[in-house]
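Student: Give me a model of this one.
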Amino acid sequence: MPNDQTPPVSGKTVINLPHTALDTFCVRYTGIINAQDYKDVCVDIGNAIIEKHGQLRMLIEYVDFLGWEDDAAELNLKTIFYQAPFATRLAYINPTERAVMKSRLILPPKILGVMRVYAAGELEEAVRWIKSNEPA
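Tutor: Next comes the predicted model:
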């Protein structure tokens, strides 16, 4: 379980970024996401943050992202359905068109109202917003 200041586990395809702290969870997707990396980072750390803080501010940066292995894609959907009710903010950096479309189709309206999409290279701006309380 992560502490409030130090990002613990990272995989090769899902990387826990150093901006993760308190209720803010920042990850990078790269390459083809595998189920073990996704579980170790997004499921385990995300659920630990929810357990400790009762909410989750989620930032996902896409860098050289190539897609999902089947088991990882299935786990991603299950995780979204579990974690989404606890999400208070969502930021994407350089997402694929499919990722944005999937979000608009399956996320609750309250999350879509607090979602922002950033261009590649805007990590610091996205981190500043995700940790703030300014409107979406």
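Student: From now on I want contacts and neighbour counts done on CA atoms only, so please keep to that.
Tutor: OK.
Student: Which strand or helix spans Ile32?
Tutor: Here Ile32, judged by DSSP states H and E, is contained in strand 24-33.
Student: tell me what the helix or strand following that strand is packed against?
Tutor: From strand 24-33 onward toward the C-terminus, using DSSP H and E, the following helix or strand is helix 35-38. Contacting helix 35-38 under the criterion 3 or more C-alpha pairs under 8 Å, 6 or more residues apart in numbering; DSSP states H and E are the following elements: helix 70-83.
Student: and the helix it packs on, which residues are buried?
Tutor: Across helix 70-83, burial judged by 16 or more other C-alpha atoms under 10 Å covers 72-73, 75-76, 79-80, 83.
Student: Show me where this structure has its strands.
Tutor: For the chain, the strands defined by DSSP state E cover 14-16, 24-33, 56-68, 87-93, 115-118.
Student: got these as a markdown table, with mean pLDDT, distance to Lys102 and mean neighbour count columns?
Tutor: Output for the strands of the chain, formatted as a markdown table (pLDDT from 0 to 100; distance: least, C-alpha to C-alpha, whole Å; neighbours: other C-alpha atoms under 10 Å):
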| stretch | mean pLDDT | distance to Lys102 | mean neighbour count |
| --- | --- | --- | --- |
| strand 14-16 | 97 | 19 | 25 |
| strand 24-33 | 98 | 16 | 22 |
| strand 56-68 | 98 | 13 | 21 |
| strand 87-93 | 97 | 12 | 23 |
| strand 115-118 | 97 | 13 | 17 |
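Student: Let's have the ones you listed in a markdown table, adding distance to Leu105.
Tutor: Output for the strands of the chain, formatted as a markdown table (distance: least, C-alpha to C-alpha, whole Å):
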| stretch | distance to Leu105 |
| --- | --- |
| strand 14-16 | 23 |
| strand 24-33 | 20 |
| strand 56-68 | 18 |
| strand 87-93 | 15 |
| strand 115-118 | 13 |
